[in-house]
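1. mind folding the following:
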Amino acid sequence: MPTISKDLVNHLKVAEHDAGQRLDNHLIKILKGVPKSHIHRIIRAGEVRVNKGRVQADYRIQADDLIRIPPIRVAEKTHAGSLKTPAPAREFEIVFEDEYLLVVNKPSGVAVHGGSGVSFGVIEQLRQSRPNTPYLELVHRLDKDTSGLLMVAKKRSALVKLHEMLRNDHPKKVYLALGVGAWQPENRHVKLPLIKYTGAAGEKMVRVDENGQSAHTIFQVLDVFSGSPTHSVGIAALSLVQATLKTGRTHQIRVHMQAQNCPIAGDERYGDYQANKRLQKLGLKRMFLHAHRLILNHPISGEKLDLSASLPIELRNFLVVLNGCVK
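-> Have a look, this model is predicted:
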């Protein structure tokens, strides 16, 4: 991030990877700690100028534009007690990488970004580990406890194109999940609208609601476990399913499976509390949801990409336990 002076006028040149952003959004990103309302006020007052001229907040900045920013106080790092600890550098398993796109295999238990009580996530750790990569932005999100394929854009042009693709329900996203119960064949296509709300503890929640956004998931049963391992802990059956997203709503697979009376094993938010406790005795210590496959056209070249990440070892081992033998 550029150094912003609180005493002198600042002149910043727009980098190529920032081209195309709205002026206000660009300033919000670089003027850490400055209220959005104040940024809009100095733009309206003409204190912010682009190429010596006044512009509106929605102006799309271009490469090599010269932005004038008045003296302004941004958030400063202070000493013990209020110093924000930088994210530790960390690389993740790379599934695909070129100059435009990075796809990593995210482990369970790691947030994709900081916020809401989480100091840092995948994106902050990647930025720390790649100080010479000027642009790294999340293309989409995975829940903290979900493992698997996560896309990160390395150029703004790729991010814009990928967001356009996501709005048109592309790429194809395929997940693997283990449900508590026997999945019913008639539930292959689940089309239940979803709405967001705030839970009792202030957490983000989703439920089925006729006034919600349309949501469509295609399920395919891969295996059913109903032998002695599950019966030994009082569970009649578990269903391993492949879930293909036709839309990409928050917590879509989790809520659709809950609505079919087959909640995801280990899901602390939408799952069966007693079943989860029993499955812990068999060795399941996390939510059994994994982003397994991505099929998409490369955002710049158009080349078809078919990317996959195998189930993590802890989930594979759990299936071995359920089978009672090596699968």
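2. the chain: helices as residue ranges?
-> 23-30, 36-44, 122-129, 156-167, 228-231, 252-259, 273-281, 313-323 (DSSP state H).
3. from the chain's centroid, how far away is the fifth one?
-> Think helix 228-231. 35 Å (CA atoms, centre = their mean, to the nearest Å).
4. report the buried residues of that helix.
-> Pro229, Thr230 (16 or more other CB atoms under 10 Å). (Each C-beta comes from the backbone N, C-alpha and C, glycine too.)
5. how about low-confidence regions in the stretch 201-327 of the chain?
-> Scanning the stretch 201-327 of the chain for pLDDT under 70 picks out 325-327.
6. mind listing the strands for it?
-> Per DSSP state E, counting those that start in this stretch, the stretch 201-327 of the chain carries strands over the ranges 204-208, 217-225, 238-245, 289-297, 304-308.
7. quick one: strands adjacent to the last one?
-> Right, strand 304-308. Pairing partners of strand 304-308, with direction, according to DSSP bridges: strand 289-297 (antiparallel).
8. what of the third one?
-> In the sheet containing strand 238-245, its partner strands are strand 172-180 (antiparallel), strand 217-225 (antiparallel), by DSSP bridges.
9. between these, which gets nearest to Glu164?
-> Of all these, it is strand 172-180 that lies closest to Glu164, at 15.7 Å by CB to CB.
10. just the angle for that closest one relative to helix 273-281, thanks.
-> Strand 172-180 and helix 273-281 are oriented at 90 degrees to each other (axes from the mean of the first three to the mean of the last three CA atoms, to 10 degrees).
11. what's in contact with strand 172-180?
-> Strand 172-180 has contacts (CB atoms under 8 Å, 6 or more residues apart in numbering) with 146, 148, 222, 235, 238-245, 248, 253, 257, 260, 262-266, 271-272, 275, 279, 288-296, 311, 315.
12. how about stretch 314-327?
-> Under CB under 8 Å, 6+ apart, the answer for stretch 314-327 is 147, 178, 223, 225, 227-230, 238, 240, 282-286, 288, 290, 310-311.
13. mind doing that once more with 7 Å?
-> With contact meaning CB atoms under 7 Å, 6 or more residues apart in numbering, stretch 314-327 is reached by 225, 227-230, 238, 282-286, 288, 290.
14. equivalent analysis for stretch 33-45, please.
-> If you take CB under 7 Å, 6+ apart as the criterion, stretch 33-45 is touched by Leu23, Asp24, Leu27, Ile28, Leu31, Val48, Ala57, Pro70, Ile72, Val74, Ala75.
15. apply 6 Å and report the result again.
-> Stretch 33-45 is contacted from outside by Asp24, Leu27, Ile28, Val48, Ala57, Val74, Ala75, using CB atoms under 6 Å, 6 or more residues apart in numbering.
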